[in-house]
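[1] Next comes the sequence, and after it the predicted model I'd like to discuss.
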2 protein chains.
Amino acid sequence: MNIGEAARASGVSAKMVRYYESIGLIRPAARTEAGYRVYGPDDVNTLRFVKRARSLGFSMEETAELLNLWRDKTRASADVKAFALKHVTDLERRIAELQGMAATLRHLAQCCAGDQRPDCPILDDLAQANQTPSPSPSSRA
Amino acid sequence: MNIGEAARASGVSAKMVRYYESIGLIRPAARTEAGYRVYGPDDVNTLRFVKRARSLGFSMEETAELLNLWRDKTRASADVKAFALKHVTDLERRIAELQGMAATLRHLAQCCAGDQRPDCPILDDLAQANQTPSPSPSSRA
DNA sequence: TATGGGGCTTCCCATGGTGGGAAGGTCAAG
DNA sequence: CTTGACCTTCCCACCATGGGAAGCCCCATA
C-alpha cells in the first residue's frame, strides 16, 4: 500500500503520515526499491489509532504515550484509565476557561444597548482602566 | 516610558509589545534619539485593551477589529455587540467540541475495569477497526 | 516504445502566538 | 569610567498542519 492509499484508508493526510514518521510518533515505513513508503493493514490501524486519539484532544506527546500503552500488551488497564481521566481533567479545565470567557462576554453584551449610539460597555470593559472620555488623540502616538 | 515599564504596567510582555507593533496591531511607538521605544499612558491603555481582548479568547485579527471599533468614536454599539456575540457562538462551538471529547473519554473510562489486567476498552476504542488480537509484528515494518 | 498524468520523494515556507537567547548599543548610578 | 540593567534587532523554537516546488517513478494508453 502506498502512502496515498494508507492516507485514504486511515483518514490521516499523507503529509501528516510523513510528519508523524519524522517525529518518531510512528515507526519508519518500509520502502520499495524506488524509495516509496509501503504500508500494511496494521500500519493503517496505527494511523487510525493516532487519528482517533488526536480527535479526542490528546496532544502528540500524549498520543505517543497511548501508542506505547497500546503496544505494551502487559499494561494494566488502570494505567490507561488514569491516563484518560487525567486528560478529561485537562479538558474540563479548558472547558471552564472557555465558559468563563463566554459568560463574561454574554454579560457584557447584555449590558450593551446594541443600537446606533456609540456608547458600549463592552469596549468600556476591554479598556477598563480609566479610559478617558474623549480627551486626546495621544493614543495615536 | 520605556517598553519594559509599559510592559509591566500593561501586563503584556515587552516581547509581545514589539510583536504587536511588528504585525501592525498597535501603532509604532515613538522613539528616543537612541532608538528606544517610548510609551505614554494611552499606549498602556491600548496594550491593556489588547490583553483583555486576548484573555477573552479573541484572535489577533479579531482583536485588531475590536481596536478599530474602539478607536472609531462613531461606531454603533450594535456592531460591537454583534461582534461579541459572534465570538460567543464561536466559544460555544469550541466548548461543545471539548465537551464531546470529555464525554466520550469519560464513557470509555467508565467501561474500563481499571485494574491490573491489560484488557482495556479505551485502547480498544482508539484502535476500533479490527485490531487483530496479537498476530503479526508487521506494524514493525 | 514513447508520452502523459498522477503519485511519490524531499525540502522549504506559512500559519498563530509566545518565549528564549545572542550580539551589540545605551543609560544611569556609583 | 565601569558595571549592570535595559534597550535594539535578529534568529530559532514550539505544535500541528497545509501549500507548493523540483524532481523521480510507475502505469496505462496510444
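    Done, it's in.
[2] Could you tell me which residues make contact with the closest residue to DNA strand C within chain A?
    Using C-beta to the nearest atom of the strand, the single residue of chain A nearest to DNA strand C is residue A:4, 2.6 Å away. Placement of C-beta: from N, CA and C, glycine included. Listed by C-beta atoms under 8 Å, 6 or more residues apart in numbering or on different chains, the contact set of residue A:4 reads residue A:14.
[3] and the next element down the chain from whatever helix or strand it lives in?
    In this assignment (DSSP states H and E), residue A:4 forms part of helix A:3-10. Toward the C-terminus, helix A:3-10 is succeeded by helix A:14-22 as the next helix or strand (DSSP H and E).
[4] ok, is that following helix in contact with DNA strand D or not?
    Yes. Helix A:14-22 comes into contact with DNA strand D (C-beta under 7 Å from any atom of the strand), by way of A:15, A:16, A:19.
[5] Return the member of those nearest to chain B.
    Nearest to chain B among these, counting by C-beta to the nearest C-beta, is residue A:16 at 16.9 Å.
[6] number of nearby residues for that closest one?
    When counting by other C-beta atoms under 10 Å in any protein chain shown, one arrives at 17 neighbours for residue A:16.
[7] Which residue ranges of chain A form strands?
    Shown for chain A, the strands assigned by DSSP state E span residues A:30-31, A:37-38.
[8] if you compare those strands, which one is most tucked away?
    strand A:37-38 (a mean of 16; mean count of other C-beta atoms under 10 Å in any protein chain shown).
[9] so what's the residue lying closest to residue A:7 once chain neighbours are set aside scoring on pLDDT?
    Among residues not flanking residue A:7 along the chain, residue A:14 sits closest, at 4.3 Å (C-beta to C-beta, 6 or more residues apart in numbering or on different chains). pLDDT, residue A:14: 96.
[10] Kindly tell me how buried residue A:14 is, as a neighbour count.
    Counted with other C-beta under 10 Å, residue A:14 comes out at 15.
[11] Please tell me how far it sits from residue A:47.
    The gap separating residue A:14 from residue A:47 is 11 Å, by C-beta to C-beta, to the nearest Å.
[12] list residues touching both of these two?
    With C-beta under 8 Å, 6+ apart as the test, residue A:14 and residue A:47 both reach A:6, A:7.
[13] Out of the strands of chain A, the one nearest chain B is which?
    Nearest to chain B, of the strands of chain A and by C-beta to the nearest C-beta, is strand A:30-31 at 4.6 Å.
[14] Run through the neighbouring helices and strands of that closest one.
    strand A:37-38 (3 or more C-beta pairs under 8 Å, 6 or more residues apart in numbering or on different chains; DSSP states H and E).
[15] Tally up the residues packed near the closest residue to residue A:9 other than its chain neighbours, please.
    The shortest distance from residue A:9 to any non-neighbouring residue, by C-beta to C-beta, 6+ apart, is to residue A:44 (4.7 Å). Number of residues near residue A:44 (other C-beta under 10 Å) recorded here: 21.
[16] quick one on the thing from earlier: so which bits of the helix holding residue A:4 are buried?
    Neighbour counts over helix A:3-10 (16 or more other C-beta atoms under 10 Å in any protein chain shown) mark A:3, A:6, A:7, A:9, A:10 as buried.
[17] next one: it to chain centre, how far?
    Averaged C-alpha coordinates place helix A:3-10 at 22 Å from its chain's average position (C-alpha atoms, centre = their mean, to the nearest Å).
[18] I'd like the mean pLDDT over it, please.
    95.
[19] quick one: that helix near DNA strand D?
    No. Using C-beta under 7 Å from any atom of the strand, helix A:3-10 never reaches DNA strand D; the gap is at least 9.5 Å.
[20] can you list contacts of the helix or strand bottoming out on mean pLDDT in chain A?
    Every helix and strand of chain A was ranked by mean pLDDT, DSSP states H and E. The lowest is helix A:121-127, at a mean of 85. Outside helix A:121-127, the residues that touch it by C-beta under 8 Å, 6+ apart are A:105, A:108-109, A:111-112, A:131, B:45, B:48-49, B:52-53, B:56, B:66, B:69-70, B:77, B:80-81, B:84.
[21] Nice, that's everything, thank you.
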